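Visitor: Sequence first, then the predicted structure, then my questions.
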Amino acid sequence: MTYIKSETVEFKSKFTPEIKNEIVAFANSKGGKIFIGINDLGEVEGVENPYKICEQLSAFLHVAIKPDITMLTSLKITKINDMQIIQIDIMRGIDRPYYLTEKGLHPSGVYIRLDNLSVQATNTMIKDMIKETYGACYESTRSLNQELNFTYMQAQLKNLAIPFTTMEQKNLGILGENHLYTNLGLLVSDQCPFTIKVSVFDEKDKGALKATKEFSGSILKQLVDCLEYVQLNNHMNIHYQGITRVEKNDYAPSIIRENLLNAIIHRDYSMNSSILIHIFADRMEFISAGGLVHDLSLEDILLGISQSRNEKLCKLFYKLKMIEFCGTGIGKTKVEYMDSGLKPIFNATSNGFKVILPNKNTAQKSTLSSLLSHEEELEDHILKEIHRLGSVTRSYIQNKFHLKPTKCGMIFRDLESRNLIQRYGRGKNTVYRSKG
């Protein structure tokens, strides 16, 4: 009699360390059984010293697979045709994804069952399993990268006499269940994959790029480094009222800080895009990924109603004394401009939030509103045209809207950086498609 492999049944003629791949695959899928002593053809061969092998298996499973899988597995020795075989029963896990300790939480270490094969999971599959286990809250979800260092954060905690113990990491939300790092841990680690990009322009549009700089590392370090760089581009106007010297920055330093903090703390980190800061001759723009949360409207936000998307991140910034309160940035920004004759502008879409600060020394209210309205209306028409056609070339949009090549290129790069369109192909075969 021969036996047949299936989605929930696997055979091994003998015990080898590679059996852990199948165990992980079953735990990440529907569960299943592994029979040691039956070959790939389904023929019973039996095993020698089954009790010794079971001891080896028990010790092996404890260290080879994470999270702990021992409660999901059971071993028993049985006989088929008077030959002893080992049966391993594996239940579907509740802490998925399970992965090989030596490989980590990467596709090379995570397996699933596909028909009668154990195959490596894709990054998308891994993320879906994490969401299913931990929910959709990004900061509390298990980080895909578990090889994290916290050099910068530890230095900040040391300055505040706060020990970086395992208990403190759990209290902060950096460590989650099974002593695994969360995405909050990833954000404050030296390996944070998100960045802040600052572009400085000579004029009032994006056709005269003067300088650009990208900040990486822990978001705590990004905040400090980016703030310092932006302040260097916050010029001071000096004039005299009688014999009194009057100094006024283009932008209040405290308001730059408030809006940079807002962009970092409230952005949607499940979207793979950078925070963008554009400094023009007449304005400064902060653009962050993610729209408003919990059914709040822009009107609610402007009234002062606030709900943090990343509550643990907000609390961490508070503990590090980097903020006083959450949800006060927009109110402070509005007050700053109250007596200037200018107004900051706040725009929200389903995928982003944008703040425009007028330059107090050069901007005029009518000029700023006109410029904003024209640029956003043009980009909106272009996006609608791309969505209507499915895909377009840059030359088509250039001719359709009577744009100069430089201006058209700037608009396409801006839409790409905001993750609203995606480019496919190269050279003359390049087309653009909507991501919305």
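Guide: Happy to help now that I have it. Keep in mind that this is a model prediction, so the values were computed, not measured.
Visitor: For stretch 238-247, give me every contacting residue.
Guide: With Cβ atoms under 8 Å, 6 or more residues apart in numbering as the contact definition, stretch 238-247 has outside contacts at 236-237. For glycine as for every other residue, the C-beta is placed from the backbone atoms N, C-alpha and C.
Visitor: how much space is there between Ala155 and Leu313?
Guide: Computed as Cβ to Cβ, to the nearest Å, the Ala155 to Leu313 distance reads 19 Å.
Visitor: And those two? Which one has more around it.
Guide: Neighbour totals were compared for Ala155 and Leu313, and Leu313 leads with 25 against 13 (other Cβ atoms under 10 Å).
Visitor: pretty sure that one is touching Tyr138, no?
Guide: No - in this structure, Leu313 is not within contact of Tyr138 by Cβ atoms under 8 Å, at 9.5 Å.
Visitor: Name the SS class of Val63, please.
Guide: Secondary structure assignment for Val63 (DSSP: H, G, I helix; E, B strand; the rest coil): helix.
Visitor: List the contacts of it.
Guide: Contact analysis of Val63 by Cβ under 8 Å, 6+ apart lists Thr101.
Visitor: With Thr141 as the reference, measure out to it.
Guide: In terms of Cβ to Cβ, Val63 sits 25 Å off from Thr141.
Visitor: any idea how far Asn272 is from Thr349?
Guide: From Asn272 to Thr349 the distance is 17 Å (Cβ to Cβ).
Visitor: same deal with Ile397?
Guide: With Cβ to Cβ as the criterion, Ile397 and Thr349 are 20 Å apart.
Visitor: do the same with Val24
Guide: Using Cβ to Cβ, Val24 is found at 41 Å from Thr349.
Visitor: before we move on, what about Leu160?
Guide: Taking Cβ to Cβ, one finds Leu160 at 38 Å from Thr349.
Visitor: just Cys314 next, same as before
Guide: From Cys314 to Thr349 the distance is 22 Å (Cβ to Cβ).
Visitor: higher neighbour count, the two?
Guide: Cys314 (20 against 15).
Visitor: Let me know the outermost residue of the chain.
Guide: Distance to the chain centre peaks in the chain at Asp82, reaching 55.9 Å (criterion: Cα atoms, centre = their mean).
Visitor: residue ranges for the helices of the stretch 1-150 of the chain, please.
Guide: Ranges of helices in the stretch 1-150 of the chain, per DSSP state H, counting those that start in this stretch, are 19-28, 50-64, 123-134.
Visitor: Could you say which of those is packed most deeply?
Guide: Among the helices of the stretch 1-150 of the chain, the stretch with the highest mean neighbour count (mean count of other Cβ atoms under 10 Å) is helix 19-28, at a mean of 24.
Visitor: got the angle between that one and helix 50-64?
Guide: Counting by axes from the mean of the first three to the mean of the last three Cα atoms, to 10 degrees, helix 19-28 points 70 degrees away from the direction of helix 50-64.
Visitor: what packs against helix 19-28?
Guide: When contacts are defined as 3 or more Cβ pairs under 8 Å, 6 or more residues apart in numbering; DSSP states H and E, helix 19-28 sits against strand 9-12, strand 32-36, helix 50-64, strand 65-66, strand 83-90, strand 99-100, strand 111-114, strand 117-120.
Visitor: and the angle for that helix with strand 83-90?
Guide: 50 degrees.
Visitor: Name the residues that touch helix 19-28?
Guide: 8, 10, 12, 32, 34, 36, 57, 60-61, 64-65, 69, 72-73, 88, 90-93, 96-100, 109-113, 118-119, 121, 129.
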